[in-house]
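Visitor: Sequence first, predicted model second:
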Number of protein chains: 2
Amino acid sequence: MTTIMSPLESPWRAQKPFMSTGDGVDSYARNSHPQGDFMSRLIPTLFDVIDSLNLPDQGVISVADLGCSSGPNAIKNVDAIINRMKARFGRTEGPEFQAYFQDLPGTDFNTLFRLLDPDQKAETSPGGQVEDAAYFTAGVPGSFYGRLFPRASINFAMSTFALHWISKVPAAVVDKKSPAYNGGHTQLGCSSLATVDAYAEQSHRDLSSFLTARAVEMVSGGSMLLVFGLRGNYYPYRVGPTLEVQDKIWNDLVLEGIVDSELRDSHNNYVYYRTLNEVDKVLSNFTSLFKVQKRDVYPSPLSSSFFLYPASTAEEKAQRITSVMKGAVGNLIKAHFGAQNTNIFMQRYKQALIEGFTNKTLVEDLANARKHLVLVLCRI
Amino acid sequence: MTTIMSPLESPWRAQKPFMSTGDGVDSYARNSHPQGDFMSRLIPTLFDVIDSLNLPDQGVISVADLGCSSGPNAIKNVDAIINRMKARFGRTEGPEFQAYFQDLPGTDFNTLFRLLDPDQKAETSPGGQVEDAAYFTAGVPGSFYGRLFPRASINFAMSTFALHWISKVPAAVVDKKSPAYNGGHTQLGCSSLATVDAYAEQSHRDLSSFLTARAVEMVSGGSMLLVFGLRGNYYPYRVGPTLEVQDKIWNDLVLEGIVDSELRDSHNNYVYYRTLNEVDKVLSNFTSLFKVQKRDVYPSPLSSSFFLYPASTAEEKAQRITSVMKGAVGNLIKAHFGAQNTNIFMQRYKQALIEGFTNKTLVEDLANARKHLVLVLCRI
């Protein structure tokens, strides 16, 4: 069960949340618009899946958002899903609905629950939509790489922008004697093949653990929508030039004596973008448990965000990427490097992006390097 | 359902938590020992109830702590309950267990979830107890005066030290033209009969709402353990002299020009201790839904705490009561009067208690004035 079957290493167990907490200017809650935009455009796909679900006429129908974080996106998605499901049933009779918002114990559930507060929902949705959206809510603290829910209790699950977070940095990657040692890098973009292999192996095991746990928890006939990062080529590991810029900045800070090289070398990424091939390899072990209903590759949310705002200036683009970065991983970076180094880093990062966009060294392959996979799996 | 059936007024809907947040020196988490001590002594009763439950051999068994707050007591209780239940079944087969920790949306769920973190549990329970205690956990934000869970989904529920919190201050009590207007008082100890009547009516409606919602949510044969405050006589409203002291202190602060009289007059208590008669009147409307299995009156947890530490000095007793007060209602007082006034009040409160204990004006009826009811109800 949740509390014993997932002996993961920190920071999955750490007190620090991954995503930036609260609803302040650097929070994930305020800086997850690209993820939200991406999901908005996925709504037709989502509704197709929901409409094809075999739902019971009575009892409870459970929807789980796995790795929900603390932003408003999770709530918007779940609202939309449950409203769509409810439309099939009469208003007075029929099943009841339960929404589970799940993430690591260190997640800012307080902010999430305040966003769930029915009074707030009432204020933002005049015209009785609150009544339509009514469902039971619960927050589930834990790791989705272990069990989270009782057997056969979930009718629909989704996990968006979360499954590219691996459960731990592979041991070899921080072992100075290993060929997979990633010293000198804070991203995988310039890492050795051995390092990327070590990440790939961890990522394979994690996705397998995720599917094993969900196979137990989902009802037969239930569906799961998964959205996570994807890259095109196995090696070199390339998921967009904006991330690779980071290695250079940290290296500059080490050379200038601002950041200790040991501190830089001991920082490693928790994000790993799989190739479609790697995903398929995992799925091939689950053919008796899950049927693949959809498997589409999309441009990444950040790229989509650029398509939505093509007229942005270099400064605006750089600001947006930096804000999204702060929201998504600012906490992790700060926990490792400290607030002062993180501030210096963020300033230089934004500046490097402005230069890159201005002299066109960054923008060209931005739309192509990083992809996202939209995967719909039905529990057989 | 939760999100629409309970249109309660703030602060049940407010962003401010009732109990003091975090795990600092004034937090509820650190200042709820008396409640914990009381529950420890209730364990035999609790285990009798658990042992008499008709539990299914498979599927999921759900336990809910209603109004759990963010302290360690909730987790200790639920651990004990589920371990007791699990002892009936084999280690590999049998049902799975789900624990719901429920409280208002403003509750500090972050602190609660960190206390739930399995690594922390592992550190504090050597010898493999973590494995024994394993169960699924979820936090449920909402008001227990409305629906919280799907129909017939809860096998065992408990609510300790929470049901004497009413859902709102009765309108008449803040209406200057009403005979029930409670201006001049911050507690009910010196209030008029009309004020107490207004509170009694609200409290009757709240307890009825609570039981109505639970009747839908509990499985037939399920049980519920309720512990909440009780007083002996209907009027004057007396629940122990330590609370009445507060009226005098606020009045002094008004007379000295430190606190505005309007601000004092607009502050009203959210706690109402029922008489046993009032509880029985509500229960009499639920005889077709709940069977009363136990109905025992105990000394209040604060009194018990004194029995446990009879050799305490006046200073120590005053400190303990002040700390417990800060943990339980410090946040509410601060939200109304501001941090500075609250500090002055707390200092004077402790001083008044020291004087009262030293000259024996306070200690004599302390063990008798405030009681607690332990009620076990079985869903028919």
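Guide: Perfect, I can see it now. Numbers count the residues shown, from 1 in each chain, chains lettered A, B, ... in the order given.

Visitor: Residue A:196: what's its closest spatial neighbour, skipping adjacent residues?
Guide: Nearest residue to residue A:196 in three dimensions, chain neighbours excluded: residue A:237, at 5.0 Å (C-beta to C-beta, 6 or more residues apart in numbering or on different chains). All C-beta spots, glycine's among them, are computed from the backbone N, C-alpha and C.

Visitor: Do I have it right that the one you found meets residue A:244?
Guide: No - between residue A:237 and residue A:244 there is no contact, the gap being 9.5 Å when judged by C-beta atoms under 8 Å.

Visitor: ok, these two, which is more surrounded?
Guide: A count of neighbours by other C-beta atoms under 10 Å in any protein chain shown puts residue A:237 above the other of residue A:237 and residue A:244, at 23 against 19.

Visitor: what about that one, distance to chain B?
Guide: 31 Å (C-beta to the nearest C-beta, to the nearest Å).

Visitor: In CSV, please show the C-alpha coordinates belonging to the longest strand that chain A contains.
Guide: Counting residues, the longest strand found in chain A (DSSP state E) is strand A:218-231. Output of strand A:218-231 as CSV, limited to C-alpha atoms (Å, rounded to 0.1, in the frame of the first residue of the first chain):
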residue,chain,number,x,y,z
MET,A,218,-8.5,0.8,-11.7
VAL,A,219,-11.9,-0.8,-12.4
SER,A,220,-12.1,-3.0,-15.4
GLY,A,221,-13.3,-0.8,-18.3
GLY,A,222,-11.8,2.3,-16.6
SER,A,223,-9.6,4.7,-18.6
MET,A,224,-6.5,6.7,-17.9
LEU,A,225,-5.2,9.8,-19.7
LEU,A,226,-1.5,10.4,-19.4
VAL,A,227,0.4,13.4,-20.7
PHE,A,228,4.1,13.6,-20.3
GLY,A,229,7.3,14.8,-22.0
LEU,A,230,8.9,13.0,-24.9
ARG,A,231,12.1,13.5,-26.9
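
Visitor: Parallel or antiparallel, which strands does that strand pair with?
Guide: strand A:154-160 (parallel), strand A:274-275 (parallel), strand A:370-379 (antiparallel) (DSSP bridges).

Visitor: highest average neighbour count across the ones you listed?
Guide: With neighbours defined as mean count of other C-beta atoms under 10 Å in any protein chain shown, the strands paired with strand A:218-231 peak in mean count at strand A:154-160, which reaches a mean of 24.

Visitor: what's next to it, contact-wise?
Guide: A:35, A:39, A:46, A:49-50, A:53, A:55, A:61-67, A:73, A:77, A:81, A:85, A:100, A:144, A:214, A:217-219, A:222-228 (C-beta atoms under 8 Å, 6 or more residues apart in numbering or on different chains).

Visitor: and that strand, average pLDDT?
Guide: For strand A:154-160, the mean pLDDT works out to 96.

Visitor: At which residues are the strands of chain A located?
Guide: A:60-66, A:96-103, A:136-141, A:154-160, A:218-231, A:274-275, A:290-299, A:370-379.

Visitor: Next, the angle from the longest strand of chain A to strand A:290-299.
Guide: 30 degrees (axes from the mean of the first three to the mean of the last three C-alpha atoms, to 10 degrees).

Visitor: circling back: can you pull the pLDDT of the residue nearest to residue A:196?
Guide: 91.

Visitor: List phi and psi for it.
Guide: Note on residue A:237: backbone dihedrals following degrees, to the nearest 10 are phi -70, psi 110.

Visitor: can you pull the contacts of it?
Guide: The neighbours of residue A:237, taking C-beta under 8 Å, 6+ apart as the test, are A:188-189, A:191, A:196, A:231, A:273.

Visitor: 7 Å - rerun?
Guide: Neighbour list for residue A:237: A:188-189, A:191, A:196, A:231 [criterion: C-beta atoms under 7 Å, 6 or more residues apart in numbering or on different chains].

Visitor: Please apply the same query to residue A:246.
Guide: Contacts for residue A:246 (C-beta under 7 Å, 6+ apart) come out as A:186-187, A:349.

Visitor: How about the residues of the stretch 151-300 of chain A by chain B?
Guide: A:151, A:153 (C-beta under 7 Å from any C-beta of the partner chain).

Visitor: which non-adjacent residue is nearest residue A:315?
Guide: residue A:354 (5.7 Å).

Visitor: Tell me, what's the model's pLDDT at that neighbour?
Guide: pLDDT at residue A:354 comes out at 89.

Visitor: and residue A:103, how far is that from residue A:216?
Guide: In this view, residue A:103 and residue A:216 are 20 Å apart by C-beta to C-beta, to the nearest Å.

Visitor: neighbour-wise, which of the two wins?
Guide: Legend: neighbour count by other C-beta under 10 Å for residue A:103 and residue A:216, higher for residue A:103 (27 against 16).

Visitor: bridging residues for the more buried one?
Guide: Applying DSSP bridges, one finds that residue A:103 bridges with residue A:141.

Visitor: Next up, the contacts around it.
Guide: The neighbours of residue A:103, taking C-beta under 7 Å, 6+ apart as the test, are A:67-69.

Visitor: ok so, going back, adding distance to residue B:208, write the strands of chain A out as JSON lines.
Guide: Output for the strands of chain A, formatted as JSON lines (distance: least, C-beta to C-beta, whole Å):
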{"stretch": "strand A:60-66", "distance to residue B:208": "25"}
{"stretch": "strand A:96-103", "distance to residue B:208": "22"}
{"stretch": "strand A:136-141", "distance to residue B:208": "21"}
{"stretch": "strand A:154-160", "distance to residue B:208": "33"}
{"stretch": "strand A:218-231", "distance to residue B:208": "36"}
{"stretch": "strand A:274-275", "distance to residue B:208": "55"}
{"stretch": "strand A:290-299", "distance to residue B:208": "47"}
{"stretch": "strand A:370-379", "distance to residue B:208": "42"}
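
Visitor: out of the ones you listed, nearest to residue B:298?
Guide: Of all the strands of chain A, strand A:136-141 sits nearest to residue B:298, with 31.7 Å by C-beta to C-beta.

Visitor: what comes into contact with the closest one?
Guide: The contact list for strand A:136-141 (C-beta under 7 Å, 6+ apart) reads A:96-102, A:104-105, A:109, A:112-113, A:116, A:148, B:1-2, B:100, B:109, B:113, B:116, B:137-141, B:148-150.
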